[in-house]
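Visitor: can't give you the sequence, but here's the structure:
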C-alpha cells in the first residue's frame, strides 16, 4: 500500500517531500541552490538588457542623447500630410510612442538586486524560514512580484523589440519614398550624409526588414465616383490665391504634396489644363519606379474635348488611348447598305468580318428583326417572413397592382415605359425584375430611377419591406446569367442570310457541307461539352466589343450582349443558310459615351446618331447592325476553320516586324 500511495502523489506533494528530506546542516547544497538561482537571474538580466537597449534606437548608454535623436527624427519636417504618416499621428508625439528605456533599465537593476538579496538571505538560514510560515509567506510574496515583473518585461523585450525597430525603419522608408515621389531632397542625416550618427562598434541591433525600393504610399484622395465627400465644395483656405496663374510644374508639386487633390484639378483649373498638370504628376511618380517617359506616346493634346469627359465618362484623366478604328462594309441589311466602324487592336478581325460582309451582300443581304426590347433592373427586397415575401409576389402579379407600379415608374421618366414586373422569391427575399422600354438610351439610369419609385410604392403597401440592394443581380448586368439567355435583356435580335454555294466556294474558300459540319461540332457540341452559357458561337464577343468601343457603348456589357447561338444549314438547293440569335444586346444611341466626338462620328457613319424619328428607332437599328456584323464575323471565321486557313490568315494580318529600337 505504501508503494501505491507514493505512486499517486501529486507534484506538490513530491516537492514538499523533497524539501523535508533536505538536511539543514548540508550547507553546500543550500549554497549550490543559491548559486544556481543567482546565475539564472544574472543571465536573464544580461540577456534582457542586451536585447532591450537598442529597441527604438537608443544608444548603449540609454541616455537622453539617444532619446532626443529619436524625437527629432520622428517629428521632423518630413512628417507632413500626404506623406507616409498621417498628420494626426505626427501631432500625437511622433507617430509611435516608445517606452522610456532608461527608466526601465534602472528598474531592472533594482529588481534584480532585490531578487538576489532575498535569495541569499533565504539561503543563509533556509531551515528557519521553511519552518516559519510567516517568513516563508513574506519571501514567496516578494519573489512572486519580482517574477511577474521579469516575465512581463521579458515579453516586451522578446516580442516587441523587433516590432519597434522594424516600425521605425518602415516609417523612415515611407517618408523617403514620399519625398522621392515629390521630387524633394532628403536630409543629410537620413541619407547617410554628414549629419548621420552611426551605431557604436559592437552594439547589438536588430537586422533591418527588407523593403521594396519604390513602394508608394496609398493615394491621399479618391475619385469622385468612389468618394462621396469629394462632391462637396472645394475648401480653398489652404490653396494659393493665384493657383491658376502658377506654372504647371508648381501646381504638380502641390498635388504631390497633398495640398491639391488630383481629381479636383478640373474644377480648380480647367479640363484642358488639368490633363498636362496631371501628366507631370504621374511622370514623377512613374520615374520613381524607373518608368520615366512611359506616358510620352499617350496622346493628350486637346483633340479630345476633356470638358465633355469630365463628370460623364472618366475621372483622374491623363490622356486617352487611341484605338485603331476600321470600317467593314458595304453590308446589305434589310435592303439598306451599312458601313460599320470597329475599334480593335486584334489584327485580322476587321479583314475577316469584312469578308463576311462581302459574302452576305453577294447573297442578296441579311434580314433582321428585334423581337423583344426592354432593359431590366431587379431590386432585392427583404420581408419579415417567407409568407410575406410570397404575399408580395402575388400582389405584384395582380394586373391592377401592376398598373399602379407602372404609373409610379413612368412618373420618373419621359420616355421610359414599364413593360413587366416579374418577382422571384427566395425565403424572405424577393427579387423584382422590372423590364423597361428606354427609347434610344441604353436605359440603365432610367430603369434604376424608376425602380426606386416602385420600391417607395411597395413600401406604402408593405411597411415591413426593406430594400437590400437596388440591383439584386437578377437583372443581370455585366455577368453571364441564364436569365438573360432565356428572358432577354436590352434588345433581342435575330438575323439570317442565305449564301449561294458558289459564293461560299469563291469568297469563303470552302464548301457548304464543311461549314455546316464545323459549326455543329464546334459551336454546338463543343460549347455544350464546355458547359457554355450563351456561348454557342465562334467569336461573337470579338465583333460586339469592337463595335461597342467604336460607338461609345459600355464595353463591360459585352458579357451579356455577346450571348449568341449560331445555326447553319444546307438548303435543298445546296446553298448555305445561317442565322444568329442574340437575346441580350444592350446598346443606346444617346447618353454615356455616345456623346464623345469620335464615338458620335462612328454612330453617324452607321446612320443612327442620337434619337430616332420614333423613340427607340436608332437604338434598335444599332442592335440589328451589331447582330448582322456578328453574322459576318461568324461566316468568315467558320469558313477559315473549315478550310484550315485560320493560322495562315493571322500570320499575314496579325504579325508585323518590330520597329527598330522598340
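Guide: Yep, that arrived. Computed from a predicted structure; not experimentally measured.

Visitor: so where do the strands sit in this structure?
Guide: For the chain, the strands defined by DSSP state E cover 325-333, 336-343, 367-377, 380-382, 417-426, 429-437, 466-469, 490-499, 535-536, 564-570, 576-585.

Visitor: What is the shortest one packed up against?
Guide: I take that to be strand 535-536. helix 527-529, strand 564-570 (3 or more C-beta pairs under 8 Å, 6 or more residues apart in numbering; DSSP states H and E). In this view, the C-beta of every residue, glycine as well, is placed from N, C-alpha and C.

Visitor: what's near enough to touch residue 408?
Guide: Residues near residue 408 by C-beta atoms under 8 Å, 6 or more residues apart in numbering: 450, 453-454, 456-457.

Visitor: try 7 Å this time
Guide: 453-454, 457 (C-beta atoms under 7 Å, 6 or more residues apart in numbering).

Visitor: Of the residues you listed - the most surrounded one?
Guide: residue 454 (24 neighbours; other C-beta atoms under 10 Å).

Visitor: Against residue 568, how distant is it?
Guide: Separation of residue 454 from residue 568 (C-beta to C-beta, to the nearest Å): 43 Å.

Visitor: got it, and residue 555?
Guide: 29 Å.

Visitor: Could you do residue 369 as well?
Guide: 19 Å.

Visitor: now swap in residue 492 and tell me
Guide: 21 Å.

Visitor: In contact with residue 360: list those residues for me.
Guide: Taking C-beta under 7 Å, 6+ apart as the test, what residue 360 contacts is 331-332, 366, 497, 631-632.

Visitor: Among those, name the buried ones.
Guide: Buried subset of the contacts of residue 360 (neighbour count, 16 or more other C-beta atoms under 10 Å): 331-332, 366, 497, 631-632.

Visitor: among these, which two are most distant?
Guide: Within those, 332 and 631 form the most distant pair, 11.7 Å apart (C-beta to C-beta).

Visitor: Need the residues touching each of these two.
Guide: Contact with both residue 332 and residue 631 is made by residues 360, 366, according to C-beta under 7 Å, 6+ apart.

Visitor: Just the local confidence number for residue 352, please.
Guide: Per-residue pLDDT puts residue 352 at 93.

Visitor: Can you give me the pLDDT of the closest residue to it other than its chain neighbours?
Guide: Of all residues not flanking residue 352 in the chain, residue 636 sits nearest, at 4.2 Å (C-beta to C-beta, 6 or more residues apart in numbering). Residue 636 is assigned 96 on the pLDDT scale.

Visitor: And residue 53, by the same measure?
Guide: 41.

Visitor: Neighbours of residue 107, how many?
Guide: Look at residue 107: counted by other C-beta under 10 Å, it has 12 neighbours.

Visitor: cool, and residue 625?
Guide: Residue 625 sits with 28 neighbouring residues when counted by other C-beta under 10 Å.

Visitor: picking that back up, Throw the strands of the chain into JSON lines and include distance to residue 240 and mean pLDDT, thanks.
Guide: Below are those laid out as JSON lines (distance: least, C-beta to C-beta, whole Å; pLDDT from 0 to 100):
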{"stretch": "strand 325-333", "distance to residue 240": "42", "mean pLDDT": "91"}
{"stretch": "strand 336-343", "distance to residue 240": "41", "mean pLDDT": "92"}
{"stretch": "strand 367-377", "distance to residue 240": "46", "mean pLDDT": "97"}
{"stretch": "strand 380-382", "distance to residue 240": "48", "mean pLDDT": "97"}
{"stretch": "strand 417-426", "distance to residue 240": "53", "mean pLDDT": "96"}
{"stretch": "strand 429-437", "distance to residue 240": "49", "mean pLDDT": "97"}
{"stretch": "strand 466-469", "distance to residue 240": "44", "mean pLDDT": "96"}
{"stretch": "strand 490-499", "distance to residue 240": "49", "mean pLDDT": "98"}
{"stretch": "strand 535-536", "distance to residue 240": "56", "mean pLDDT": "96"}
{"stretch": "strand 564-570", "distance to residue 240": "57", "mean pLDDT": "98"}
{"stretch": "strand 576-585", "distance to residue 240": "51", "mean pLDDT": "98"}
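
Visitor: how about the ones you listed in CSV, adding distance to residue 150?
Guide: Shown next, in CSV, are the strands of the chain (distance: least, C-beta to C-beta, whole Å):
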stretch, distance to residue 150
strand 325-333, 76
strand 336-343, 73
strand 367-377, 67
strand 380-382, 57
strand 417-426, 60
strand 429-437, 59
strand 466-469, 56
strand 490-499, 73
strand 535-536, 69
strand 564-570, 75
strand 576-585, 72
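
Visitor: between the ones you listed, which one is nearest to residue 393?
Guide: Here strand 417-426 is closest among these (C-beta to C-beta), at 4.2 Å.

Visitor: Mind giving me the packing neighbours of the closest one?
Guide: Using 3 or more C-beta pairs under 7 Å, 6 or more residues apart in numbering; DSSP states H and E, the elements in contact with strand 417-426 are helix 386-397, helix 399-410, strand 429-437.

Visitor: Tell me the buried residues in the second one?
Guide: It refers to helix 399-410. Buried-residue list, helix 399-410, by 16+ other C-beta under 10 Å: 401, 404-406, 408-410.

Visitor: just to revisit the earlier point, which one of residue 555 and residue 568 is surrounded by more residues?
Guide: Applying other C-beta under 10 Å to residue 555 and residue 568 shows that residue 568 carries more neighbours, namely 21 against 16.

Visitor: Is the closest residue to residue 524 other than its chain neighbours bridged to anything, and to what?
Guide: With C-beta to C-beta, 6+ apart as the criterion, residue 524 has its nearest non-adjacent residue at 6.1 Å, and that residue is residue 536. Using DSSP bridges, the bridge partners assigned to residue 536 are residue 565.
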